[in-house]
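> Sequence plus the predicted model coming up.
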Amino acid sequence: MDVEEENRMKKPALVIMAAGMGSRYGGLKQIDPIGPNGEIIMDYSIYDALKAGFGKVVFIIKKEIEEAFREAIGSKIEKKVDTTYVFQDIDDLPEGFKRPQDRVKPWGTGHAVLSCRDHVDTPFAVINADDFYGRNSFQVLCDYLKDIDDVKSYNYAMVGFILNNTLTEHGHVSRGVCQVNDQGYLEEIQERTKIQRFSDGVKYQENDEWITIPEDSIVSMNMWGFTPSIFHELEAGFVRFLENNKDNIDKAEFFLPNLVGDLVRENKAKVKVLPSRERWYGVTYREDKPVVKKAIEEMIKQGIYPEKL
């Protein structure tokens with residue numbers, strides 16, 4: 001192995017999930033500019049990731065958006081870092097399974113990461129394309145991944161955000177609420193699909209009832225750290241998912257956090273929760289966009305980002 005190859009192997013990869021089209025927010029929100037020179041949220045994520053020490057970027061996209069995607073972001077990134085495009089294909093199914101006629105939606109985040117199985121052979125991070133995670137989040141995750149010696153190990157990580165730092169003023173959000181043990185490892189993750197801030201506190205909805213949740217709860221924003229051992233588990237988990245959801249196969253989604261939760265419960269994997277004090281920004285709703293733009297402007301003033309990336 002030459003020195004360049006050895007250095008590449010030591011640097012974690014960054015896998016960016018960009019195949020989901022934003023349903024609540026019109027248009028291709030992944031490539032909607034928010035910076036002063038046409039930068040999109042992903043540009044800032046990649047800037048932070050490269051500063052932190054990531055050595056490769058893998059974009060998971062739909063084949064249909066490849067041209068628009070490469071034009072808006074890929075062409076710029078390819079000049080800075082080793083870049084790979086992976087297509088999340090709805091027909092990429094295990095042997096013996098066929099896509100149902102009415103299925104149009106991608107199979108979910110678990111299937112998205114599984115799409116990378118032939119393209120990632122180092123420890124790697126997974127993020128959403130349209131979430132702003134902040135410099136420190138990338139740094140703590142990269143440092144953790146660099147320390148993994150055994151790429152077959154089941155030592156994973158998740159960046160944990162404080163719920164209060166991840167809410168929007170414009171409606172409800174979906175968050176993975178985490179239970180963390182005294183050693184800082186994930187014990188349980190529960191997807192709450194409707195969390196909202198009210199005048200009397202933060203609440204989530206369950207069975208038409210709003211239940212108060214502590215504002216300092218640790219939540220997942222789909223910022224994970226894995227080794228390639230996860231691919232074997234995703235393959236097996238996807239088969240189980242397809243078998244267990246036969247009655248709802250047109251709409252059911254194979255979610256990454258659910259699989260991780262299963263591995264934790266079975267004591268198969270350990271997930272270190274890396275706390276981040278960063279404020280999360282994202283464009284869940286169209287009204288969120290000015291908020292994100294203003295936050296970026298402030299960070300440019302503070303010297304965190306250059307005026308032009």
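Okay, I see it. Numbers count the residues shown, from 1 in each chain.

> Find out how far the strand or helix carrying residue 160 is from the centre of the chain, if you would.
Taking DSSP states H and E as the definition, one finds residue 160 inside strand 155-162. Remark: strand 155-162 is offset 11 Å from the chain centroid, using C-alpha atoms, centre = their mean, to the nearest Å.

> which outside residues touch that strand?
Outside strand 155-162, the residues within contact range by C-beta atoms under 8 Å, 6 or more residues apart in numbering are 133, 137, 140-141, 144-145, 148, 178, 180, 186, 215-221, 223-227, 230, 260, 269-278, 280. The C-beta positions use only the backbone N, C-alpha and C, and glycine is treated the same way.

> Please check those residues and keep the buried ones.
133, 137, 140-141, 144-145, 148, 178, 180, 186, 217-221, 223-227, 230, 260, 269, 271-274, 276, 278, 280 (16 or more other C-beta atoms under 10 Å).

> returning to that earlier point: taking strand 155-162 as reference, get the angle to the helix or strand following the strand holding residue 160.
Counting by DSSP H and E, the element after strand 155-162 in chain order, helix or strand, is strand 173-180. Comparing the axes of strand 173-180 and strand 155-162 via axes from the mean of the first three to the mean of the last three C-alpha atoms, to 10 degrees yields an angle of 120 degrees.

> Any buried residues in strand 173-180, and which?
Buried residues in strand 173-180 (16+ other C-beta under 10 Å): 173, 175, 176, 177, 178, 180.

> per-residue confidence averaged over it?
For strand 173-180, mean pLDDT rounds to 94.

> now the stretch 51-200 of the chain, which segments are flagged as low pLDDT?
For the stretch 51-200 of the chain, no stretch is flagged by pLDDT under 70.

> And the strands in it, which stretches?
Along the stretch 51-200 of the chain, counting by DSSP state E, counting those that start in this stretch, strands occupy 56-61, 82-87, 124-128, 131-132, 155-162, 173-180, 186-198.

> The third one: how far from the chain's middle?
In other words, strand 124-128. In terms of C-alpha atoms, centre = their mean, the centre of strand 124-128 is set 5 Å apart from its chain centre.

> Return the list of strands paired to it, each annotated with direction.
With DSSP bridges as the test, strand 124-128 is paired with strand 13-17 (parallel), strand 218-226 (antiparallel).

> got JSON lines for those, with distance to residue 296 too?
Shown next, in JSON lines, are the strands paired with strand 124-128 (distance: least, C-beta to C-beta, whole Å):
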{"stretch": "strand 13-17", "distance to residue 296": "18"}
{"stretch": "strand 218-226", "distance to residue 296": "18"}
